[in-house]
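> Just a sequence and a predicted model for now, questions to come.
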Amino acid sequence: MAQQSPATASATPTTERPTAEFRPLEGLRVLDFTRVLAGPYATMSLAELGADVVKIEMPGVGDETRAWGPPFVDDSSAYFHAINRGKRSVVLDLTTDEGREQAYGLMETADIVVENFRPGVTHRLGIDPELVTARFPHLVYASITGFGTDGPMADHPGTEVIIEAESGLMGVTGIDGGEPVRFGVAMVDIATGLAMINGILAALLERTSTGRGRRVDVSLYATAVSALGTVIASTSAGGGTPRAWGSAHPSIVPYRAFAAADGHVVLGATNDAMFQRLQTALDLDEALGREAWQGNAGRVSERDELEAAVQERVAELSLDEVLERLRRHRVLVAPVLMPHDAARSAQATALDLVDDVDGVLITRSPLSTNGTRRLGRAPGLGEHTAEILAELDATTAHQGKDTADVD
């Protein structure tokens, strides 16, 4: 059973945390037509940066992840709550003229539209980027797609596991010779959401000088292929056919998880000096002292024998002993924790990365350490429909009055 690291109690230099809230997007409105993960994660991060995020949902069901349980919190899944905090939910039936006109009215008041519908759906609903950007040139229209907008697979639906398979990510994940393995969480979705945020912020910056928005498209496929950059470069440079390495690294040895007497630990030596310190820390100067192993290339070429020697020694020690020895000698090391242990760790607490919402732990974005807005709970389906449509009616009435005054 994995244990929590004892090093969290050690004294480390600290930097004063920001006291003023970091809300650079305050005053901007996001219309969020997204569902599932990549889009909702991106728009929740925009809400954390201060934007007013209005989540547009279809009647009856809304975002399908509301039903992805158990467990459930307030009639929606814990999954939904994790990535939809700080938003306002409006139910609009975009298959009707009334629903589309209400959407257009909200677009007039918005700065950013984000959608991740399947190919062709936006055209059927009347909110396709060509129509919307022509009618509302001030908008940044951001789309998340599976395979992008060009190429032979542009019309193919692409979910996380499909993209992991098609991109090659699944081919290098898991244990060599074992069954294909997907990531433990949808990392391509998360990375695509982060890439989308970059695109949106860049487009907003461009708008300050041009006065016009633009379309931003980020695909899960492009994210996955881009993430494989080091693997693709090494392969094309003669590094051989890539394979799944488990927890190991293809070009650094040792650098993987090992089993201690009472848990698993990850350790590694990223340079020759660190490898020498590792030998000393684990009392392996004789076992690992082979001349060929004092350089990384030699360690990589004789990986199995070297790692077997490290494993034999680590298995004799408790997890705490391994951590203490390697940290004292400045060698990379960490216990393998479960997510719920990490969420309650002293480090996560110090960085204020997790909110406790009535006993449900909800993570904040990586930007939260800069003093971003602390978000409220995720909305109920259509919870803010009346409120936002009333705001829209008031805005329309005010604009009509201004026009009448001019006339």
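Everything's here; your move. Numbers count the residues shown, from 1 in each chain.

> Distance check, residue 92 against residue 240.
As defined by C-beta to C-beta, to the nearest Å, residue 92 lies at a distance of 53 Å from residue 240. For glycine as for every other residue, the C-beta is placed from the backbone atoms N, C-alpha and C.

> I figured residue 94 hits residue 123, correct?
No. Look at residue 94 against residue 123 with C-beta atoms under 8 Å: they stay out of range, at 11.5 Å.

> neighbour-wise, which of those two wins?
Per other C-beta atoms under 10 Å, whichever of residue 94 and residue 123 has more neighbours is residue 94, with 20 against 13.

> Who's the closest spatial neighbour of the more buried one, skipping the chain neighbours?
residue 125 (4.2 Å; C-beta to C-beta, 6 or more residues apart in numbering).

> With residue 363 instead?
Closest residue in space to residue 363, ignoring its immediate chain neighbours: residue 354 at 5.5 Å, by C-beta to C-beta, 6+ apart.

> Helix or strand: which one has residue 141?
strand 140-145 (DSSP states H and E).

> Sheet partners, orientation included, of that strand?
Take DSSP bridges as the rule and strand 140-145 pairs in its sheet with strand 112-115 (parallel), strand 215-219 (parallel).

> Run a quick neighbour tally on residue 308.
Neighbours of residue 308 using other C-beta under 10 Å come to 11.

> Quick check: mean pLDDT of the helix or strand encompassing it?
If you go by DSSP H and E, residue 308 is part of helix 303-314. Mean per-residue pLDDT for helix 303-314: 96.

> Stretch 125-143 now?
Averaged across stretch 125-143, pLDDT comes to 96.

> Looking at residue 92 and residue 240, which is more packed in?
Counted by other C-beta under 10 Å, residue 92 and residue 240 do not tie: residue 92 has more neighbours, with 23 against 8.

> Distance of residue 326 relative to residue 336?
14 Å.

> Looking at these two, which one has more neighbours?
Neighbour count, other C-beta under 10 Å: between residue 326 and residue 336, residue 326 has more, with 23 against 17.

> Pretty sure the more buried one sits against residue 280.
No. With contact defined as C-beta under 8 Å, residue 326 does not count as touching residue 280 (10.2 Å).

> What residues sit buried inside stretch 206-216?
Buried positions in stretch 206-216, judged by neighbour count with 16 or more other C-beta atoms under 10 Å: 207, 213-216.

> Which single one of those is nearest to residue 265?
Lowest distance from residue 265 to the buried residues of stretch 206-216 (C-beta to C-beta) belongs to residue 216, with 42.1 Å.

> Could I get the contacting residues of that closest one?
Taking C-beta atoms under 8 Å, 6 or more residues apart in numbering as the contact definition, residue 216 lies against 140-143, 196, 199-200, 202-203.

> In PyMOL, select just the buried ones from those.
In PyMOL, this line selects whichever of the contacts of residue 216 come out buried by 16+ other C-beta under 10 Å:
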select buried, resi 140+141+142+143+196+199+200+203
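
> of all the contacts of residue 216, which two lie farthest apart?
With distances taken as C-beta to C-beta, the most widely separated pair in these is 143 and 202, at 15.0 Å.

> How far does the longest helix seen in the chain sit from its chain's centre?
Ranked by residue count under DSSP state H, the longest helix found in the chain is helix 187-210. Put simply, helix 187-210 sits 14 Å off its chain's centre (C-alpha atoms, centre = their mean, to the nearest Å).

> what's that helix in contact with?
Residues external to helix 187-210 that are found in contact with it (C-beta under 8 Å, 6+ apart): 28, 36-42, 45-46, 111-112, 114, 138, 140, 142, 144, 160, 163-164, 167, 169, 213-214, 216, 218-220, 223-224, 227.

> Quick one: work out the angle between that helix and strand 140-145.
160 degrees (axes from the mean of the first three to the mean of the last three C-alpha atoms, to 10 degrees).

> in this structure, which spans are strands?
Counting by DSSP state E, the chain has strands at residues 29-32, 52-57, 72-73, 76-77, 87-91, 112-115, 140-145, 215-219, 255-260, 263-268, 332-335, 354-357, 360-363.

> Can you convert those into TSV and add a column each for distance to residue 314?
Formatted as TSV, the strands of the chain follow (distance: least, C-beta to C-beta, whole Å):
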stretch	distance to residue 314
strand 29-32	48
strand 52-57	47
strand 72-73	41
strand 76-77	40
strand 87-91	46
strand 112-115	47
strand 140-145	43
strand 215-219	42
strand 255-260	4
strand 263-268	7
strand 332-335	10
strand 354-357	31
strand 360-363	31
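
> Quick check: residue 235 vs residue 184, distance?
Counting by C-beta to C-beta, the separation of residue 235 from residue 184 is 25 Å.
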